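make a model of this:
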Amino acid sequence: MIRALLAVLALGSVLGCGGPRFPSSVVLEDPLLEREWRASLFVPPAAIRSQQRVVLSRRGSEIDFSVLVVARVPDLLRVVGLTDLGGTLFQVQRDAAGTQVIQGSPFLDDDFLVDTLVAGLAPIFLGVPHAELRLVRVESGAPALHGRLGETEVLFAREHGETAPDRFDTGSDGRLRASIHVLEWNRAPDGAIRFPGRFTLSDAAGDCRLDFRVIDWRAESPS
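Sure, this is the predicted structure:
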């Protein structure tokens, strides 16, 4: 992993993020369709502890590491990057007061950690308040769900015809910051979704992709 890290660092400065405008949409007045979309949306447990194996890809170079996520609805989200030996690569925490970089990363800048990584993961691990969701129509003409999680806009779309939305776009200040693509849902024997088993998180500029494979997902007591 160290060799791969040095290769990424040799490309230049640490990774930042820019990006295009957040997707525009208009409210779609269709109560039956909105009810169906709301019912299909993945809703996380009130408290989660999860570990993922992550591969970060940028300009032909890759770094693999682990990520520990601790979440407590509605506000707490802690994301910790870990080496194979258990060392800490970075640590970021989001709560009611905002998002704080507790320990910076040697290969991801603080803006990326806050606006792309943590804000991008929040809809999966914290969900979006039901009252903030609205059925909308995007520029392509397709329906989607639009919501807000704090200062972050979230757009839930069905990119591959899945019953549940499998693409989550997040943005702030009118800019697209990150896109989540769910590649595989972990399902119960009856077909009900338990959690996203594999997903990718990409920055808006398309410079960086993180491939997540969930290796542990535990619902905990929220206390």
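
so, low pLDDT: which residues of the protein?
1-19, 223 (pLDDT under 70).

from residue 191, how far out is the residue most central in space within the chain?
The centroid of the chain falls nearest to residue 121 when counting by C-alpha atoms, centre = their mean (2.5 Å). Going from residue 121 to residue 191 by C-beta to C-beta, to the nearest Å gives 25 Å. Any C-beta I mention is one placed from the backbone N, CA and C, and that applies to glycine too.

got the contact list for the helix or strand harbouring residue 77?
Using DSSP states H and E, residue 77 sits within strand 76-82. By C-beta atoms under 8 Å, 6 or more residues apart in numbering, the residues outside strand 76-82 that reach it are 54, 65-71, 88-95, 105, 113, 117-118, 121-122, 125-126.

hmm, who's touching the helix ranked longest in the chain?
Criterion DSSP state H: the longest helix present in the chain is helix 31-40. For helix 31-40, the surrounding residues in contact (C-beta under 8 Å, 6+ apart) are 28, 130, 133-135, 143-145, 156, 163-165.

redo that, cut-off 7 Å
133, 135, 143, 145, 163-165 (C-beta atoms under 7 Å, 6 or more residues apart in numbering).

same question for stretch 211-223.
So stretch 211-223 is contacted by 45-55, 72, 195-201 (C-beta under 7 Å, 6+ apart).

need the CA coordinates for that stretch. PDB is fine.
Provided in PDB are the C-alpha atoms of stretch 211-223 (Å, rounded to 0.1, in the frame of the first residue of the first chain):
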ATOM      1  CA  ASP A 211     -14.800   1.500  -4.700                       C
ATOM      2  CA  PHE A 212     -16.400   0.300  -1.400                       C
ATOM      3  CA  ARG A 213     -17.000  -3.300  -0.500                       C
ATOM      4  CA  VAL A 214     -18.800  -3.600   2.800                       C
ATOM      5  CA  ILE A 215     -17.300  -6.400   5.000                       C
ATOM      6  CA  ASP A 216     -19.200  -5.600   8.200                       C
ATOM      7  CA  TRP A 217     -22.500  -3.800   8.800                       C
ATOM      8  CA  ARG A 218     -24.000  -3.800  12.300                       C
ATOM      9  CA  ALA A 219     -27.100  -2.100  13.500                       C
ATOM     10  CA  GLU A 220     -26.400  -0.900  17.100                       C
ATOM     11  CA  SER A 221     -28.400   0.700  19.900                       C
ATOM     12  CA  PRO A 222     -28.600   4.400  19.300                       C
ATOM     13  CA  SER A 223     -27.900   5.200  22.900                       C
END
